[in-house]
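Enquirer: I would like to see how this sequence folds:
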Amino acid sequence: MKSLLLLALLAAFAPLAVAAPAAAPLMWNRNLLRQPPEWFASAAGRAAVDQVLRFQSTAGGWPKNVDLLAPIDDAALAEIQRGGKANTFDNQGTTLPLRFIAVAAAATDDARCRIAVARGLDYILASQYSNGGFPQFFPLRQGYYSRITYNDGAMVNVLELLRDVAAAKPPFAFVDAARRDRAAAAVARGIDCILRTQIREHGRLTAWCAQHDEHTLAPAWARAYEPPSLSGAESVGLVRFLMAVEKPSPEIVAAIEGAVAWFRAVPIAGRRVKSVPKPGGKPDAVLVADPAAPPLWARFYELGTHRPLYMDRDSKPLYDFSLVSYERRSGYGYHTTSPADLLQRDYPAWRTRLASVSPRQ
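Expert: Coordinates of the predicted model:
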């Protein structure tokens, strides 16, 4: 009798049981590269791979600023690929999807993934200029899209991927020897381009512009508020890439030392960026005095004077951040703190490693 009563009570309260939480939806970002190999054989993993493969263009590249895991119909996919907009290295376009598919290929031995990686590598290798630089989009598009693009780490992302391929570093161990050799040659040309585009002023090596002319290698315009200048942001990634060269040449060592000296000379001391509410509650970015603030750098420094330089959509030079329009002040990063880690952590570690390695002659 007691057993029957217990069963009845359990049946009555069953609808009140808490359901197990649903699995969080997958987000398209670098964290997907950390999925364990068995995940790629799961239903979720196979679906993700299928979706990313679907976005690869006929040229072999992938788009930027698109959730590659989101369902999409054929018409919308065709619209993304129309006009060559699907083929870019900007904002981790092509490089992140290619790494993801390479991880999947290594985990599952899926022939489709191996073919996609080969096509993607051929696309990247075909896009390199003879001077070693890489454009932002390929096939080339008119305008700043064809400039040698250091902006947002585009070229560094490409070179780091090719360096891993050349070294047969996982997940690229399956790549054939011929493509590995081509990747190694492309990295060498890319390093040469980086060295040649470093801006020298008054006989001293300084930093780089976010974009350089693909023919003359001179600092070049990008968008209307991104002028030819010395970059306090993109130059950090370039120095870190050069620091990763195992046996650096004297030219590479000089490039790093010159850039580090420049970073040490141009921080904005005693100021920090603060978010303050405007009337109506919208946030505004302002530069405020703070004697205890950590070092801050401008994203752009004026060529010749090395003064922090700001520009709005009218391309007029400004030297006071408060004069930039609210739309750009709140919608674009004109300052960075990234050189701090480079100077305090990466550079000393590199000097220590350099002392134990004979420079390449």
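Enquirer: the residue nearest the centre of the chain and A293: what is the separation?
Expert: In the chain, the C-alpha nearest the mean C-alpha coordinate belongs to G153, at 4.1 Å (CA atoms, centre = their mean). With distances taken as CB to CB, to the nearest Å, G153 is found 26 Å from A293. From N, CA and C alone the C-beta is placed, and that goes for glycine too.
Enquirer: returning to that earlier point: what's the residue nearest to the centre of the chain in contact with, if anything?
Expert: E234, G237 (CB atoms under 8 Å, 6 or more residues apart in numbering).
Enquirer: state the pLDDT value of it.
Expert: On the pLDDT scale, G153 is placed at 96.
Enquirer: span of stretch 316-333 from start to end?
Expert: Terminal residues of stretch 316-333 lie 17 Å apart, using CA to CA, to the nearest Å.
Enquirer: the stretch 201-350 of the chain: strands as residue ranges?
Expert: Using DSSP state E, counting those that start in this stretch, the strands of the stretch 201-350 of the chain run over 204-205, 211-212, 230-231, 271-277, 283-289, 297-298, 300-301, 310-311, 317-318, 335-336.
Enquirer: can you redo the ones you listed as CSV, where the extra columns are mean pLDDT?
Expert: Listed next are the strands of the stretch 201-350 of the chain as CSV, based on pLDDT from 0 to 100:
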stretch, mean pLDDT
strand 204-205, 98
strand 211-212, 98
strand 230-231, 98
strand 271-277, 94
strand 283-289, 94
strand 297-298, 98
strand 300-301, 98
strand 310-311, 98
strand 317-318, 98
strand 335-336, 97
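Enquirer: before we move on, back to that, that's a helix at the residue nearest to the centre of the chain, yeah?
Expert: Yes. Note on G153: a helix contains this position according to DSSP: H, G, I helix; E, B strand; the rest coil.
Enquirer: ok, it to H335 distance?
Expert: From G153 to H335 the distance is 17 Å (CB to CB).
Enquirer: please apply the same query to G280.
Expert: For G280 relative to H335 (CB to CB), the value is 24 Å.
Enquirer: next: N31.
Expert: 27 Å.
Enquirer: all helices for this structure, in order.
Expert: 2-13, 43-55, 74-81, 95-108, 111-127, 154-166, 177-197, 234-243, 250-265, 326-329, 339-341, 347-355 (DSSP state H).
Enquirer: out of those, flag the one nearest P228.
Expert: helix 177-197 (11.9 Å; CB to CB).
Enquirer: pLDDT weak spots in the chain?
Expert: Applying pLDDT under 70 to the chain flags residues 1-24, 358-361.
Enquirer: quick one: contacts for L354?
Expert: So L354 contacts P248, V253 (CB under 8 Å, 6+ apart).
Enquirer: one more pass at 10 Å, please.
Expert: Contacts here follow CB atoms under 10 Å, 6 or more residues apart in numbering; on that basis L354 touches M243, K247, P248, V253, I256.
Enquirer: now the two most distant members of the residues you listed.
Expert: Once CB to CB is applied, the contacts of L354 give K247 and I256 as the farthest pair, at 13.6 Å.
Enquirer: more neighbours: the two, which one.
Expert: Neighbours were counted for K247 and for I256 using other CB atoms under 10 Å; I256 has more, 25 against 11.
Enquirer: circling back: need the helices of the chain in TSV with distance to A289, can you?
Expert: Below are those laid out as TSV (distance: least, CB to CB, whole Å):
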stretch	distance to A289
helix 2-13	63
helix 43-55	47
helix 74-81	46
helix 95-108	39
helix 111-127	46
helix 154-166	34
helix 177-197	36
helix 234-243	25
helix 250-265	21
helix 326-329	17
helix 339-341	19
helix 347-355	28
